[in-house]
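> Test case, fold it:
(4 chains)
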Amino acid sequence: MTSTLQHFATVNDAAAATSKKLQKQAILADYFRGLPEDDLRLAVRFAAGRAFASTDARVLNVGWAVVGEAILAILSLAPAELRKLSIAAGEVGEAIAKVWETSRTRPPPGGDGLTLRNVAAGFDEIARLGMRQNKLAAVHDLFRHAATGREAAYLAKIIFGDLRTGVQEGVLQAAVAAAFDAPLAKIQRVQLLIGDLEEVAVLARRQDLDSATFTLFHPIQFMLAAPQETPADAAATLAGRSFVAEDKLDGIRAQIHKSGQGVAAKVAIYTRTLDRVDESFPDVVRQIETIAGDFLLDGEIVPYRDGQVLPFGQLQKRLGRKSPPAAILRQNPCAFIAFDILFRDGSLLMDEPLAARRAQLDALCGGTAVPILAQVPVVTESQITTAFTASRDRRNEGIILKDSAGPYAPGRRGGLWFKLKTHLPTLDCVVTAAETGHGKRRNSLSDYTFAVWNDEAANTSEDSADGPAPQSHWPLELVNVGKAYSGVTDDEIAQLTALFTEITTSTDGRVRQVRPQVVLEIAFDQIQRSDRHASGFALRFPRIKRIRWDKRPEDADRLSRVTELYESISNFAKPTSEPSPTPAEPTLFDGM
DNA sequence: AACCGAGGGTC
DNA sequence: GTCGCAC
DNA sequence: GTGCGACGACCCTCGGTT
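As a prediction, the model looks like this:
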């Protein structure tokens, strides 16, 4: 008996219906337990919202345009109608589910709906075909076989990679463990070794989890750091235990696997989402190939020239490039800075304490083309503060604190590693526009565009002297500097939604212009020059610190203050003005 | 040939 | 990356 | 502590339009 998409949909609907994780797990576990191997693979894969296994590099490469067209060819529905339904439902899948059986122009061929295998075969086809028309035909073919609204909904959800069932990796692992009576820790361990949860599920079903062994070129989840607000908080968290501090580099986290020598050398670079990016970084591949042996390193790829780490912006031109032209490679050189080693010449080192891994790293990379990030021991608040300010003075993002006795805990955030970032002062901004959200925010105005007063245009236009800026006078113009949603509670969103609805001056699609009235205190990490907003600046990681009900719009900040913050020492996003006069920082790297 | 928007990845 | 919410 | 969902700016690629 093969498993149907309808059954899959029913189970996932049940999981979505409860907010309790244990219940979600139990529902999925029951389902998984009843499936044969092939369907089990697909069920785990689709429940994770993936069309393909995580170690499968293929992608569907279809989006709203193609899926929408395919759906409109099946339903007697106007495009505008579909759009409206999607906004109301927060998602295409749920939008079409409601009208699927009543609006379709002809019944599904065969009438029995789809099996999981049909779906997988359809995805193979979509990925294989080039050209929009061909992909459209394959998508259409899949949807027209969907007999029920729930089937169609889940097809769309999987294609868009988002089931919205509140089930992600964590819940799935627990469900697999429960389904086949395996300890959760064992499931997690095996997934770490072999990569794909669907294969782990198959091994668990065969009661054969012990057969899994680590092999290179299967990326491992990254160990993450939990945020700390201040050195004092961090010191309290460490509670006298002995940690080491490293500079937090502003690049991209990278895991590098390497085997073989010379022409047989093989290098793979994985990012935090476990995607391969070797093609974008040929210079890093060459750098790694100079090191002998088989190994797995963890570290950061940074823009790098003459021993100096450059601002993150330099790196962005490299990201996503399939084959960077020579000019880009020359203008934006990159390098890998190592800070951990997880595997070396047949030995898995993840369970060794950091200090031992560090010794292995020194032995492998010391004195080579791969720099090793320096560590300093820290216990007290003042030691942490010293490390932090030293990092900031080197124009780095802050520090990472690591338990030197701790193992490498893949995917974990708490307990062993902490991060402390530099931050700039906050800005008080005036909201100029509000936007409706998506998904669970579909009924709120949850996204706010905000501005500061432009006191600079006034000055330059009517003042020729370059002495201190004269007192600016009203009316000043508001210029947008950014957008933010995060930082406000559900209650505050409800309150703001009501208010912005009242003071809307015009509406364009999901965006409403609003009368300048509400002042938000905005926190952020960095300021960049940008032409996205009228101010000429954009904020990195903007978040709403609080709503300043006590402030009037006139009390908000001026553009000149934004410019000042942009120029300030903590704003390391600013391009380096000079080809730095100081040579390589002596304390940033070890072993060179 | 130049431009634009969607999609997908980095932080 | 950020944050709030639910567990 | 942990997992999840809803969001920011930036930059790339790709396909369709002008």
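
> Can you name the residues in contact with stretch A:209-220?
A:55, A:182, A:186-187, A:190, A:192-195, A:200, A:203, A:255, A:257-259, A:266, A:268, A:270, A:274, A:294, A:296, A:342-343, A:348, A:350, A:410 (Cβ atoms under 8 Å, 6 or more residues apart in numbering). Placement of C-beta: from N, CA and C, glycine included.

> Would you tell me what the next helix or strand after the least confident helix or strand in chain A by mean pLDDT is?
Among the helices and strands of chain A, helix A:455-462 carries the lowest confidence by mean pLDDT, DSSP states H and E, at a mean of 60. Following helix A:455-462 in sequence order, the next helix or strand is strand A:477-484 (DSSP states H and E).

> Give me the helices and strands touching that following strand, please.
The contact analysis (3 or more Cβ pairs under 8 Å, 6 or more residues apart in numbering; DSSP states H and E) places strand A:477-484 against strand A:427-436, strand A:445-454, strand A:519-523, strand A:537-540.

> Within its sheet, name the partner strands of the last one and how each one runs.
Each strand paired with strand A:537-540, and its direction, by DSSP bridges: strand A:526-529 (antiparallel).

> wait, A:N396 sits on A:P311?
No. Between A:N396 and A:P311 there is no contact under Cβ atoms under 8 Å: 10.6 Å.

> And those two? Which one has more around it.
Remark: of A:N396 and A:P311, A:N396 carries more neighbours, 22 against 19, as counted by other Cβ atoms under 10 Å.

> Domain-wise, how is chain A divided?
Chain A breaks down into these domains under automatic domain parsing: A:50-160, A:226-421, A:427-567.

> got JSON lines for these, with distance to DNA strand D too?
Putting the domains of chain A into JSON lines (distance: least, Cβ to the nearest atom of the strand, whole Å) gives the following:
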{"stretch": "domain A:50-160", "distance to DNA strand D": "3"}
{"stretch": "domain A:226-421", "distance to DNA strand D": "2"}
{"stretch": "domain A:427-567", "distance to DNA strand D": "2"}
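
> Would you mind giving those as TSV with distance to A:K24 added?
Converted to TSV, the domains of chain A look like this (distance: least, Cβ to Cβ, whole Å):
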stretch	distance to A:K24
domain A:50-160	16
domain A:226-421	19
domain A:427-567	17
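
> Quick check: which of those is nearest to DNA strand C?
Closest of these to DNA strand C is domain A:427-567, at 3.3 Å (criterion: Cβ to the nearest atom of the strand).

> so how far is that closest one off the chain centroid?
On the basis of Cα atoms, centre = their mean, to the nearest Å, domain A:427-567 sits 25 Å off its chain's mean C-alpha point.

> now the end-to-end length of it.
Chord length of domain A:427-567, first to last residue, is 15 Å (Cα to Cα, to the nearest Å).

> does any part of it sit near DNA strand C?
Yes. Applying Cβ under 7 Å from any atom of the strand, one finds domain A:427-567 in contact with DNA strand C at A:486-491, A:523, A:525, A:541, A:543.

> that older thread, need the residues touching each of A:N396 and A:P311.
What both A:N396 and A:P311 touch, as defined by Cβ under 8 Å, 6+ apart, is the set A:250, A:572.

> Roughly how far does A:F312 sit from A:L520?
26 Å (Cβ to Cβ, to the nearest Å).

> who's more crowded, those two?
Neighbours of A:F312 and A:L520, each counted by other Cβ under 10 Å, are more numerous for A:L520; the result is 25 against 19.

> I'd assumed A:W549 was in contact with the more buried one.
No. Counting by Cβ under 8 Å, A:L520 stays clear of A:W549, with 10.3 Å between them.

> Burial check on A:D208, number of neighbours?
Applying other Cβ under 10 Å, we find 11 residues neighbouring A:D208.

> interface residues of chain A facing DNA strand C?
Taking Cβ under 7 Å from any atom of the strand as the contact definition, chain A meets DNA strand C at A:19-22, A:224-225, A:227, A:253, A:272, A:419, A:421, A:486-491, A:523, A:525, A:541, A:543.

> Can you turn the buried part of these into a PyMOL selection?
To isolate the buried members of those in PyMOL, using 16 or more other Cβ atoms under 10 Å:
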select buried, chain A and resi 224+225+419+421+487+488+523+525+543
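
> Let's see which of the residues of chain A next to DNA strand C end up in helices.
A:21-22, A:490-491 (DSSP state H).

> Spell out which residues of chain A are next to DNA strand B.
Selection of chain A residues close to DNA strand B by Cβ under 7 Å from any atom of the strand yields A:59-61, A:63-65, A:161, A:250-253, A:271-273, A:275, A:277, A:312, A:316, A:319-320, A:540-541.

> Sort out which of these are buried, if you could.
Among those, those buried by neighbour count (16+ other Cβ under 10 Å) are A:60, A:250-252, A:271, A:277, A:312, A:540.
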